[in-house]
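**Student:** Got a predicted model here, sequence first, then my questions.
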Amino acid sequence: MSVVNVVAIITAKAGKRAEVLTAFKANMPAVHAEKGCIEYNAVVDMEGVGGFQAKLGEDSFAVIEKWESMDALMAHATSDHMKAYGAKTKDLLESRVIHVLESA
């Protein structure tokens, strides 16, 4: 099986993105230590790009992930530290959309 790619679009409630990102960054070392994690990073809109950019917006960020396998992704999704992160940020989020992708 090829690498599993994930793009998650996280939208915080108005004015709460920084708080969600603080919790996300605190959880990153545990995620990076997971078996099968290749990449796991939060990204926000880059400024000064020009007119062709479709911005996520000031309350949103994307999570770019790469996993060695679907089993590794599923273990990540059900890990204790992700459950704790989810509980900590649940009331701060407006929406969460997760795209699981493979190479074309």
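**Tutor:** Cool, got the structure. Model, not experiment: these values are computed from the prediction.

**Student:** Tell me which residue lies nearest the centroid of the protein.
**Tutor:** Residue closest to the average C-alpha location in the chain (Cα atoms, centre = their mean): Val63, at 2.9 Å.

**Student:** For that one, give me the backbone phi and psi.
**Tutor:** Per-residue torsions, Val63: phi -110, psi 120 (degrees, to the nearest 10).

**Student:** And what about the closest residue to it other than its chain neighbours, helix, strand or coil?
**Tutor:** Counting by Cβ to Cβ, 6 or more residues apart in numbering, Val63 lies nearest to Ala8, which is 4.1 Å off, once chain neighbours are set aside. To be clear about C-beta, it is placed using only N, CA and C from the backbone, and glycine gets the same treatment. With DSSP: H, G, I helix; E, B strand; the rest coil as the basis, Ala8 sits in strand.

**Student:** just to revisit the earlier point, wait, the residue nearest to the centre of the chain touches Val6, no?
**Tutor:** Yes. If you go by Cβ atoms under 8 Å, Val63 and Val6 touch, sitting 7.2 Å apart.

**Student:** which helices and strands does the longest helix seen in the chain pack with?
**Tutor:** Using DSSP state H to define each element, the chain has its longest helix at helix 17-32. Judged by 3 or more Cβ pairs under 8 Å, 6 or more residues apart in numbering; DSSP states H and E, the packing partners of helix 17-32 are strand 4-12, strand 37-43, strand 60-67, helix 80-89.

**Student:** what about 6 Å?
**Tutor:** Helix 17-32 sits against strand 37-43, helix 80-89, with contacts defined as 3 or more Cβ pairs under 6 Å, 6 or more residues apart in numbering; DSSP states H and E.

**Student:** In TSV: these, plus distance to Val97.
**Tutor:** Shown next, in TSV, are these (distance: least, Cβ to Cβ, whole Å):
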stretch	distance to Val97
strand 37-43	15
helix 80-89	15
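
**Student:** looking at those, which is closest to Ser103?
**Tutor:** strand 37-43 (13.4 Å; Cβ to Cβ).

**Student:** correct me, but Ile9 touches Ile98?
**Tutor:** No. Using Cβ atoms under 6 Å, Ile9 is not in contact with Ile98, being 8.0 Å away.
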